[in-house]
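# no sequence on hand, only this structure:
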């Protein structure tokens with residue numbers, strides 16, 4: 001039996017996540033997940049891969065949106081904004097977004113670089129790679145797919161090999177489950193949680209971000225090198241399963257069972 005033990009959203013791509021007891025599922029994934037993103041002056045996305053200190057921006061959900069804390073400074077962003085559309089880049093994709101100018105100024109000051117905070121409105125349709133997911137599935141600003149699922153047993157297996165165990169937050173999952181064997185999620189195809197239907201489409205290739213301590217932003221290459229020693233497939237280091245949503249609406253909660261189909 002597989003049971004959901006943790007749920008996370010990351011409202012601003014590459015910033016701190018928020019642990020939830022329950023979440024509404026939408027076509028783009030969990031509600032509010034990665035609907036905001038920081039970009040540079042050329043509207044190119046920026047992440048912890050280059051700016052490890054992004055991990056130190058911690059978020060809390062409040063009635064009107066999200067409160068962000070960084071080194072004792074606070075800022076609030078709403079659940080959504082309206083305004084003039086700009087084109088932003090996420091990997092090979094170009095999609096419509098709206099800049100939140102007040103937030104751009106705050107982040108630029110905090111990071112000491114010129115950057116923009118952008119929001120993906122409902123009208124913006126970023127299509128998931130049809131090679132893996134089929135046609136017409138949409139995404140937020142996440143790297144490639146709407147949802148990432150990972151098993152606690154997979155993390156436990158890795159931690160047995162590490163000098164210093166790491167937390168699941170290194171892998172930035174949306175759904176964490178308990179039960180079964182390490183890396184069972186690799187074989188997940190169709191599955192449901194509380195009648196919401198999902199499909200696993202592709203194991204997730206990992207990068208140096210899993211070496212960034214999400215509490216201190218310090219970098220240690222051991223997790224990636226150790227994982228690479230036994231999870232390297234076609235020069236990609238794999239952990240977790242990328243997932244799309246087949247039945248869009250529904251509520252999932254910690255404690256719900258995950259049922260394979």
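Received it, and whenever you're ready, just let me know what you need. None of these values were measured; they are calculated from a predicted model.

# got a list of what the nearest residue to residue 246 once chain neighbours are set aside touches?
Leaving out its chain neighbours, the residue that sits closest to residue 246 by CB to CB, 6 or more residues apart in numbering is residue 197, at 4.2 Å. Bear in mind the C-beta positions are built from the backbone N, C-alpha and C, glycine included. Residue 197 sits next to 190, 191, 245, 246, 247, 261 when contact means CB atoms under 8 Å, 6 or more residues apart in numbering.

# report the buried members of those.
191, 245 (16 or more other CB atoms under 10 Å).

# and the contacts of residue 197, which of them are in helices?
Assignment to helices by DSSP state H places none of these there.

# ok, the contacts of residue 197 vs residue 54, which is closest?
residue 245 (26.5 Å; CB to CB).

# so that closest one makes contact with residue 33?
No. Here residue 245 does not reach residue 33: they are 11.3 Å apart, not a contact under CB atoms under 8 Å.

# who touches both of those two?
What both residue 245 and residue 33 touch, as defined by CB under 8 Å, 6+ apart, is the set residue 146.

# buried residues, the one helix or strand residue 8 maps to. List them.
Using DSSP states H and E, the element containing residue 8 is strand 2-9. By 16+ other CB under 10 Å, the buried positions in strand 2-9 come out as 2, 4, 6, 7, 8, 9.

# ok, stretch 194-201 next?
194, 196, 197, 198, 199, 200, 201.

# for stretch 75-93, same thing?
Buried, per 16+ other CB under 10 Å, within stretch 75-93: 75, 77, 79, 81, 88, 90.

# mind listing residues that contact it?
By CB under 8 Å, 6+ apart, stretch 75-93 touches 11-12, 32, 35-37, 39, 42-45, 62, 64-68, 94-100, 103, 106, 117-119, 121, 124, 126, 141, 143-144.

# show me how to select, in PyMOL, the buried members of those residues.
Here is the PyMOL command that selects the buried residues among those (16+ other CB under 10 Å):
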select buried, resi 11+12+32+35+36+37+39+45+65+66+68+95+97+98+99+100+103+106+117+118+119+124+126+141+143+144
